[in-house]
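*Asks:* Turn this into a structure:
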Amino acid sequence: MPQKKNAVVFEIVRAKAANMIGMLCAAASNLKGLPQAYNLDLQELNSMVWVAGDNVIDSLRLVGRIIKGLSFDENELSRGSNTGYSVATDLAEMICVRGKIPFRDAHHIVGAAIGKSNNNLEYRDLRKMIIQEAISLGYKGVEKLVPTTYDATESVKNKKSYGSPNPIFIDSIS
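*Replies:* Below is the predicted model:
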């Protein structure tokens with residue numbers, strides 16, 4: 001089917017990774033049973049090591065070639081990241097932390113607002129719905145807790161732990 005854009009190589013690599021995990025378990029089981037030092041049991045590991053090594057090298061070469069050839073439409077990625085509700089958990093967290101509201105309630109507020117909307121809702125409209133939902137549940141002042149503008153880029157910048165997607169941390173590890 002020409003319209004289907006399947007990442008076949010990645011599917012095969014994923015399957016090979018499962019096989020490698022199986023070989024690792026087999027090798028570990030073999031090794032754990034050894035009483036001490038060298039035994040003939042180790043000969044059974046030989047073929048697994050060579051097959052696993054070949055598979056890893058082949059997989060890395062293929063994935064490397066694909067990654068080198070990738071190109072991205074940054075405008076489309078930006079647009080796509082800001083549709084739907086990619087920042088929903090952030091909003092619930094803001095309501096929880098800033099408003100000292102239990103997270104389960106904040107999650108319910110955001111979730112209920114999303115549940116009443118369609119997937120193409122603009123952020124400002126989602127914000128209004130969150131505020132209305134919070135008021136209906138007896139929480140006042142939520143409008144001060146949720147920013148008037150917020151998007152996926154801001155969400156990423158707000159992640160401040162080591163290893164997060166924040167550009168500061170990405171730059172520090174590359």
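*Asks:* can you count the residues close to residue 100?
*Replies:* 8 (other CB atoms under 10 Å). Quick note: C-beta positions are derived from backbone N, CA and C, even for glycine.
*Asks:* Give me the buried stretch members for the helix or strand bottoming out on mean pLDDT in the chain, please.
*Replies:* Within the chain, no helix or strand scores below helix 167-173, which has a mean of 81 by mean pLDDT, DSSP states H and E. For helix 167-173, a neighbour-count test (16 or more other CB atoms under 10 Å) marks nothing as buried.
*Asks:* now swap in stretch 111-122 and tell me
*Replies:* Quick answer for stretch 111-122 (16+ other CB under 10 Å): 112-114, 121.
*Asks:* which one of the residues you listed is nearest residue 169?
*Replies:* residue 114 (28.8 Å; CB to CB).
*Asks:* who touches the least confident helix or strand of the chain?
*Replies:* 156-157, 161-163 (CB atoms under 8 Å, 6 or more residues apart in numbering).
*Asks:* now swap in stretch 7-15 and tell me
*Replies:* With contacts defined as CB under 8 Å, 6+ apart, stretch 7-15 is touched by 59, 62-63, 66.
*Asks:* Could you pull out the helices in the protein for me?
*Replies:* Under the criterion DSSP state H, helices of the chain are mapped to 8-32, 43-68, 74-81, 88-99, 103-115, 123-136, 152-158, 167-173.
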